[in-house]
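Fold the stuff below for me.
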Amino acid sequence: MEHLREGHPPDLAAALARARSPERPGPATSAGTAVPTWPGPPLPIPEAGPAEVDLSALLRLSLAASDASGRLRPAPSAGALHPVDTALVVGAGCSLPPGRYAYDPLRHRVHHLGRQPGGTPPGVTAELSVTARRTVSHYGHRAWPLLLLDTGHATAALFLAARALGADEPRARLDGRTGNPLATVHIPPPDGRSPAPPADTPRAPEPSGGPPTPAELLARRSTPPPMPGAPSRDALRAVLTTAARAGTGDLRWCAAVGPPRPGLMELAPDGTTLRRYAAGETRPTLAAWAAGQAWIADAGAVLLAHGCPADADAPHIRRAHLRAGFAVHLAHITARRHGLAARPVGSWQQADLGAALGAAPERDWVVHALALGTRHADEENTT
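A predicted model of the protein is given here:
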């Protein structure tokens, strides 16, 4: 199995249903190469001029590996397998000449693929697809939702890097209509040569507190468990608000909390206050659903994206998972700003949240999550 063109499942709905089942993955297989074998020689990315998109900085802050193994990157990935591949469609106003390029995140180099398509707008459009084999090698039949979530995270990483570098109107496409590319991000040049969005375009989502700094993006890491300690009500509200604004449409958002009043919390219709969605301790059940990760039962709180019914078609499945990954990535930044430990949780089996709460079965599944706490493993080992 190579690139998405050869590896896309013929029936994404069937692949998701199998991933949600209790069936366990088989033995691990080879993940193949960490990046595709792109044609042509690797090329350095030139320094940007004052009126150009700084592609080198953009990619350093979003996708580039910071260690020789390629595991450590600004965007999280299930199992640190990083299946997302990036092609760049470069127009005028960028630090690379116009054309199509493939990006190598291990060497921070590009490969020239050819001319840019006709009508390419100024700036750069990153096209994200996946090499499924990397994630399938470890997760087997559970890989497909993880591949989509990883793509959503990578999309958010590019989007936030653009904002950190001062781009006013980066645009992420997460509509799920195509399998290749799965998502795109367009970053206009700083001189405003790209057309402005329509007046009724909603404001771009951001973490609580506004655009991130470059240092924040490079410092983002998934906290190793355990992650005890209940977030404050203000911190939990900020994380929920960020996720709900960034992951609108097919998803609903809530947070599982523990004592003294365990249950599920959600944003009230006013969008600014929390209310109880369901009563009772849910974290042990979530731990069982999340591939048996027992530490989740003791996490301070668990942000949940839920929806995507069993009869969803392929565009709906792609859209829900892409937006869930995008929103959880932004919520992770908000969590860190409130001093919280945070770790995305992407693998869910039999996680029919709606049925567990007494609603119709197979209509409201856990899609993605962000475990939260006020302390992390290093602190636990020293106290």
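
Would you state the helices of the stretch 1-150 of the chain in chain order?
Using DSSP state H, counting those that start in this stretch, the helices found in the stretch 1-150 of the chain span residues 4-7, 12-20, 55-60, 132-139, 143-164.

do you know which of those helices lies nearest Ile187?
Proximity to Ile187 (C-beta to C-beta) singles out helix 143-164 among these, at 4.4 Å. From N, CA and C alone the C-beta is placed, and that goes for glycine too.

what residues are up against Trp365?
Contact analysis of Trp365 by C-beta atoms under 8 Å, 6 or more residues apart in numbering lists 20, 306-310, 348, 351-354.

Just give me the longest helix of this protein.
Determined from DSSP state H, the single longest helix within the chain is helix 314-337.

next structured bit after that one?
Sequence-wise, the next helix or strand downstream of helix 314-337 (DSSP states H and E) is strand 341-345.

I'd like the next helix or strand past that next one.
helix 353-356.

avg pLDDT for that next one?
Mean pLDDT, computed over helix 353-356, is 98.

Just the buried ones from the contacts of Trp365?
Buried by 16 or more other C-beta atoms under 10 Å: 20, 306-309, 348, 351-354, out of the contacts of Trp365.

Domain-wise, how is the protein divided?
As assigned by automatic domain parsing, the chain contains the domains 4-204, 233-380.

any idea of the angle the strand ranked longest in the chain forms with helix 314-337?
The strand spanning the most residues in the chain, taking DSSP state E as the definition, is strand 365-373. With axes from the mean of the first three to the mean of the last three C-alpha atoms, to 10 degrees as the basis, strand 365-373 and helix 314-337 are set at 10 degrees to each other.

what mean pLDDT would you report for strand 365-373?
98.

One more: stretch 11-31?
Stretch 11-31 comes out at a mean pLDDT of 95.

returning to that earlier point: highest mean neighbour count out of the domains of the chain?
domain 233-380 (a mean of 20; mean count of other C-beta atoms under 10 Å).

Please identify which pair of the contacts of Trp365 lies farthest apart.
Distance extremes for the contacts of Trp365: the farthest pair is Pro309 and Trp348 at 14.3 Å, using C-beta to C-beta.

Show the end-to-end separation of stretch 264-275, please.
9 Å (C-alpha to C-alpha, to the nearest Å).

starting at the chain centroid, how far to it?
Centre-to-centre, stretch 264-275 and its host chain are 23 Å apart (C-alpha atoms, centre = their mean, to the nearest Å).

As TSV, the domains of the chain with distance to Leu218 would be great.
Output for the domains of the chain, formatted as TSV (distance: least, C-beta to C-beta, whole Å):
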stretch	distance to Leu218
domain 4-204	6
domain 233-380	12
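
which stretch in those domains has the least confidence?
Mean pLDDT is lowest for domain 4-204 among the domains of the chain, at a mean of 91.

Show me how far that one is from its chain's centre.
A distance of 11 Å separates the centroid of the chain from that of domain 4-204, by C-alpha atoms, centre = their mean.

Would you enumerate the residues in contact with Leu340?
Contact analysis of Leu340 by C-beta under 8 Å, 6+ apart lists 231, 235, 239, 300, 372-374.

go with 7 Å
For Leu340, the contacting residues are 231, 235, 372-374, by C-beta atoms under 7 Å, 6 or more residues apart in numbering.

Farthest-apart pair in these, please.
Across these (C-beta to C-beta), the longest gap, 10.9 Å, separates Ala235 and Gly373.

Would you state the strands of the stretch 1-150 of the chain in chain order?
With DSSP state E, counting those that start in this stretch as the criterion, the stretch 1-150 of the chain has strands at 84-90, 99-104, 109-114, 124-130.

now those as TSV including distance to Ala246?
Output for the strands of the stretch 1-150 of the chain, formatted as TSV (distance: least, C-beta to C-beta, whole Å):
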stretch	distance to Ala246
strand 84-90	18
strand 99-104	24
strand 109-114	29
strand 124-130	17
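
can you tell which of those is closest to Arg60?
Using C-beta to C-beta, these put strand 99-104 closest to Arg60, at 11.2 Å.

Tell me the strands beside the closest one, with direction?
Under the criterion DSSP bridges, strand 99-104 sits next to strand 84-90 (antiparallel), strand 109-114 (antiparallel) in its sheet.

and these as a markdown table, adding distance to Arg173?
Converted to a markdown table, the strands paired with strand 99-104 look like this (distance: least, C-beta to C-beta, whole Å):
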| stretch | distance to Arg173 |
| --- | --- |
| strand 84-90 | 13 |
| strand 109-114 | 20 |
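
can you tell which of the ones you listed is closest to Thr33?
Thr33 sits nearest to strand 84-90 of all these, at 11.0 Å, using C-beta to C-beta.

can you give me the angle the closest one makes with helix 143-164?
Calculated by the same axes, to 10 degrees, strand 84-90 forms an angle of 40 degrees with helix 143-164.

which outside residues touch strand 84-90?
Under C-beta under 7 Å, 6+ apart, the answer for strand 84-90 is 36, 63, 96, 98-103, 110, 113, 116-117, 120, 124-131, 150-151, 154.

Ala157 is in contact with Ala126, correct?
No - look at Ala126 against Ala157 with C-beta atoms under 7 Å: they stay out of range, at 10.1 Å.

Please report how far the closest residue in space to Asp250 that isn't next to it in sequence lies from Ile296.
Closest residue to Asp250 in three dimensions, ignoring its sequence neighbours and counting by C-beta to C-beta, 6 or more residues apart in numbering: Ala320, at 4.4 Å. Computed with C-beta to C-beta, to the nearest Å, the distance linking Ala320 and Ile296 is 21 Å.

which secondary structure element contains Glu256?
One thing to correct before we go on: residue 256 is Ala, not Glu. Going by DSSP H and E, Ala256 is part of strand 251-257.
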